[in-house]
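>>> For reference, the sequence and a predicted model appear below.
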Amino acid sequence: MHGFSPTRIIYTLYNIMAGLYIHIPFCASRCIYCAFYSTTSVSVAEQYVETVCKEMQLRAHEIERVDTIYLGGGTPSLLSADSLHLLFTEIARTFKMGNDVEVTMECNPDDITPDFANTLRSLPVNRISMGVQSFDNARLKFLHRRHNNEQVYSAVERLHEAKIDNISIDLIFGFPGETLSDWENDIDEALRLDVQHISSYGLTYEEKTPLIKLKQKGLVKEIDEDTSIRMYQLLIDKLEEAGFEHYEISNFAKIERQRDGKLKSYHSRHNSGYWKGIPYLGLGAAAHSYDGSNRKWNVADLKQYMVNVNQGTIPCEKESLNTEARYNDCITTALRTKDGIDLEWLQNTFGRNYLQHLMKESKTYLDAGQLALTSNRLRLTRKGIMISDMIMSDLMYID
């Protein structure tokens with residue numbers, strides 16, 4: 001067919017639905033493991049939000065309708081009530097909204113005071129993602145987290161009082177010196193909170209972070225791989241036993257039966273959009289965007305971002321993705337999920353050569369039980385998840 005464009009078809013399918021991500025880069029203090037762009041220059045937060053609203057106006061044409069909104073950071077819960085109201089007023093004025101929009105806001109437990117809970121009641125936020133990381137105060141102090149475990153329990157209680165019934169928490173495992181029993185205690189405490197979603201990650205030693213410097217000086221020792229794997233396996237076992245669906249490598253969503261008998265999953269719709277290749281618009285310093293065929297990312301510099309946007313220009317870089325790059329993106333996102341890769345969709349989108357490449361490179365892992373092929377979908381097995389990076393690397397297409 002002359003003029004056939006798989007990329008254009010993908011975008012046509014998804015351009016009526018999209019995610020909106022807003023990066024709030026402010027932190028009261030920096031955690032030792034964090035490699036995301038952030039700043040402690042909280043005094044300019046109000047001006048920053050006003051600048052984000054201007055960027056929103058400049059880029060309103062890039063998406064047709066918003067179905068999920070995510071305020072990430074940094075620490076969005078540091079924003080004042082006035083700034084949050086301004087932000088959501090501008091979003092409602094600028095974009096068409098889908099039905100039942102998921103609105104997620106990242107929060108620190110210690111920020112969820114009674115006053116903040118009252119502010120939440122007046123906002124369209126219906127999902128909270130809270131950086132708990134651990135219930136052990138010594139490990140929280142090691143990470144330079146501002147909260148303690150008691151503040152986690154208080155925060156969840158206040159969120160429930162504010163009628164927020166979709167709460168996600170982050171947990172970290174693999175601290176220096178942490179035992180399997182220590183980690184099991186953290187999981188048990190998380191389950192006692194009665195939250196709807198848990199994201200969990202092994203502690204990573206990223207470049208240019210205080211944590212990697214401690215390791216290089218020999219002041220901390222990274223946990224051994226065998227213990228890390230056993231911690232991850234314990235996490236899967238305990239959360240699945242508690243009724244959570246392991247729907248992405250690091251993410252678990254509670255499954256509940258509703259009054260009508262239907263099952264409801266509390267998976268993150270916004271993050272699921274990333275894994276499904278759905279377009280999203282990213283606003284703010286260092287924010288990334290994707291339209292189905294191009295990636296954009298704003299400058300990771302607060303001052304430059306604010307100066308440029310206030311002058312009417314977007315300080316960003318852009319990368320146009322060819323078929324090979326989009327296929328490789330699919331491998332590294334869709335394969336992370338429980339649904340895996342739809343092979344019919346893959347062939348229709350990228351062509352038969354890419355499907356043949358995928359099946360050829362998959363054979364060794366299928367034979368070893370690390371990949372499974374069911375209902376014309378290629379998925380990682382539990383055994384395969386343990387070496388997922390290697391599998392994804394081998395399945396990529398390199399011309």
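It's in.

>>> Okay, helices next: where are they in the stretch 101-250 of the chain?
114-121, 137-143, 149-161, 180-192, 210-216, 225-241 (DSSP state H, counting those that start in this stretch).

>>> okay, now the nearest residue to residue 200 once chain neighbours are set aside: neighbour count?
Of all residues not flanking residue 200 in the chain, residue 171 sits nearest, at 4.4 Å (CB to CB, 6 or more residues apart in numbering). (Each C-beta comes from the backbone N, C-alpha and C, glycine too.) For residue 171, the count of nearby residues is 21 (other CB atoms under 10 Å).

>>> JSON lines please, covering the helices of the stretch 101-250 of the chain and showing distance to residue 60, mean pLDDT and mean neighbour count.
JSON lines is the format used below for these (distance: least, CB to CB, whole Å; pLDDT from 0 to 100; neighbours: other CB atoms under 10 Å):
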{"stretch": "helix 114-121", "distance to residue 60": "26", "mean pLDDT": "94", "mean neighbour count": "16"}
{"stretch": "helix 137-143", "distance to residue 60": "38", "mean pLDDT": "96", "mean neighbour count": "16"}
{"stretch": "helix 149-161", "distance to residue 60": "31", "mean pLDDT": "96", "mean neighbour count": "18"}
{"stretch": "helix 180-192", "distance to residue 60": "39", "mean pLDDT": "98", "mean neighbour count": "17"}
{"stretch": "helix 210-216", "distance to residue 60": "39", "mean pLDDT": "93", "mean neighbour count": "16"}
{"stretch": "helix 225-241", "distance to residue 60": "40", "mean pLDDT": "97", "mean neighbour count": "15"}
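
>>> Using CSV, lay out those helices together with distance to residue 372.
Listed next are the helices of the stretch 101-250 of the chain as CSV, based on distance: least, CB to CB, whole Å:
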stretch, distance to residue 372
helix 114-121, 42
helix 137-143, 36
helix 149-161, 36
helix 180-192, 26
helix 210-216, 36
helix 225-241, 16
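
>>> Out of those helices, which is closest to residue 315?
Among these, the nearest to residue 315 by CB to CB is helix 210-216 (27.9 Å).

>>> Now do the closest one: everything it contacts.
Here helix 210-216 makes contact (CB atoms under 8 Å, 6 or more residues apart in numbering) with 30, 32-33, 144, 203, 205-206, 220-222.

>>> The residue nearest to residue 200 reaches residue 134, doesn't it?
Yes: at 7.0 Å, residue 171 counts as touching residue 134 under the criterion of CB atoms under 8 Å.

>>> Can you name the residues that contact residue 251?
197-199, 267-268, 271.

>>> Pick the one among the residues you listed closest to residue 105.
Using CB to CB, the contacts of residue 251 come closest to residue 105 at residue 268, 12.5 Å.

>>> ok, now which ones touch the closest one?
102, 104, 127, 129, 168, 197, 251, 253.

>>> With residue 330 instead?
Taking CB under 8 Å, 6+ apart as the criterion, residue 330 is in contact with 277, 341, 346, 349-350.

>>> Following element in sequence after whatever helix or strand it lives in, please.
Under the criterion of DSSP states H and E, residue 330 resides in helix 323-334. Going down the chain from helix 323-334, the next helix or strand is strand 341-342, by DSSP H and E.

>>> Now tell me what touches that next one from outside.
330-331, 334-335, 358, 376-379.

>>> Stretch 49-60 now?
By CB under 8 Å, 6+ apart, the surrounding residues in contact with stretch 49-60 are 22, 79, 83, 86-87, 90-91, 94-95, 281, 283-284, 305-306, 309-310, 312, 314.

>>> switch the cut-off to 7 Å
22, 79, 83, 86-87, 90, 94-95, 281, 283-284, 306, 309-310, 312, 314 (CB atoms under 7 Å, 6 or more residues apart in numbering).

>>> how far away is residue 67 from residue 107?
For residue 67, the distance to residue 107 equals 22 Å [CB to CB, to the nearest Å].

>>> Show the contacting residues for residue 72.
21, 23, 106.

>>> Could you report the neighbour count for the second one?
Looking back up the chat, that one is residue 23. Applying other CB under 10 Å, we find 25 residues neighbouring residue 23.

>>> isn't it right up against residue 288?
No: the pair residue 23 and residue 288 fails to qualify as a contact (CB atoms under 7 Å) at a distance of 8.7 Å.
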